[in-house]
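A.B. asks: output the structure for:
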Amino acid sequence: MAKVPQNINAIRQLLAGEHKIQTRKTFTVPGEQTNDKHEVGDTWAEYNTDGSVKCYWTQKNGYRMKSGRDPETQKVFDELRESIKTQNTYFNCEPDCHTLYGNKNDPDHKSFKFNGYSKLDEKFLRKFNKCADCQFRFETKMKLNGTFAQYERDRMLNEAESFFKDADIEFKKVITELANNDGINFVNRHGEVEKWESDHIDTAQMQSEYNQYKEIALNRIREYGEHI
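C.D. replies: Sure thing, here's the model as predicted:
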């Protein structure tokens, strides 16, 4: 039988009310004061006069941290969130991801220990939804089989089209404000507010020049791969 992932088991237990954080015994007495002596790492609850939990406290090194959620409950949810985040974000990694499983020289992964993703991995995540090692291997394969130039061109084109999609919206707002004779207020580098009056601005020419610039930029990217 396949092993059920730990985070799935935790979710099932939480929904059923059977998780250890829901079934453990609490020995805190209502009305306990927060100025009692505690060791670093201790957690306890502070209660209202009616017996309901007011807040939770955790003893740190030299200070106490207050929270509205039971620290053990928070820890479980943090672990679940991190686990789900990892599973859902690096979904483009190779099936034999070296970052997670080690490399082919250690097929049984006996000597490999996953120590988390690096800062470089996080940068590649934002751009490719892959760790750095998987992206490097992916690009190396394409360079060897001659498909990298097309891939690079398509990637650059997608990024440019995404940029201009946002730019189109902002530019349309500017044109609309000018066309309504409202002018445009902006703060210059000296912190002074300046206003562009619209009565002497040709909005049609602005739109035409913007469209030309956009088309030139996109065409240069489309032609990029042909000259590599």
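A.B. asks: counting neighbours, which bits of the longest helix along the chain end up buried?
C.D. replies: Using DSSP state H, we find that the single longest helix of the chain is helix 148-179. Within helix 148-179, the residues that qualify as buried are F148, E152, R153, M156, A160, F164, F171, V174, I175, E177, L178, counting by 16 or more other C-beta atoms under 10 Å. C-beta here means a position set from N, CA and C on the backbone, and glycine is covered the same way.
A.B. asks: from Y151, how far out is T140?
C.D. replies: Distance of T140 to Y151, given as C-beta to C-beta, to the nearest Å: 12 Å.
A.B. asks: CA atoms only for the helix or strand encompassing S208 - export them in CSV, please.
C.D. replies: Using DSSP states H and E, S208 falls within helix 203-222. C-alpha atoms of helix 203-222 as CSV (Å, rounded to 0.1, in the frame of the first residue of the first chain):
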residue,chain,number,x,y,z
THR,A,203,-3.2,62.1,-27.8
ALA,A,204,-3.6,60.5,-31.3
GLN,A,205,0.1,61.0,-32.0
MET,A,206,1.0,59.6,-28.5
GLN,A,207,-1.1,56.5,-29.2
SER,A,208,0.5,56.0,-32.6
GLU,A,209,4.0,56.4,-31.3
TYR,A,210,3.3,54.0,-28.5
ASN,A,211,1.9,51.4,-30.9
GLN,A,212,5.0,51.7,-33.2
TYR,A,213,7.4,51.3,-30.3
LYS,A,214,5.5,48.2,-29.0
GLU,A,215,5.5,46.6,-32.5
ILE,A,216,9.2,47.3,-33.0
ALA,A,217,10.1,45.8,-29.7
LEU,A,218,8.0,42.6,-30.3
ASN,A,219,9.3,42.2,-33.8
ARG,A,220,12.9,42.4,-32.7
ILE,A,221,12.3,39.6,-30.2
ARG,A,222,10.5,37.5,-32.9
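A.B. asks: show me the contact partners of that helix.
C.D. replies: Under the contact criterion C-beta atoms under 8 Å, 6 or more residues apart in numbering, helix 203-222 has outside partners R153, M156, L157, A160, E161, F164, A167, F171, I175, L178, A179.
A.B. asks: try 7 Å this time
C.D. replies: By C-beta atoms under 7 Å, 6 or more residues apart in numbering, the list of residues contacting helix 203-222 from outside reads R153, M156, L157, A160, F164, F171, I175, L178, A179.
A.B. asks: can you check the pLDDT for the residue lying closest to the third one once chain neighbours are set aside?
C.D. replies: Nearest-residue entry for L157: I221, 5.0 Å, with adjacent residues in sequence omitted and distances by C-beta to C-beta, 6 or more residues apart in numbering. The predicted local confidence for I221 comes out at a pLDDT of 84.
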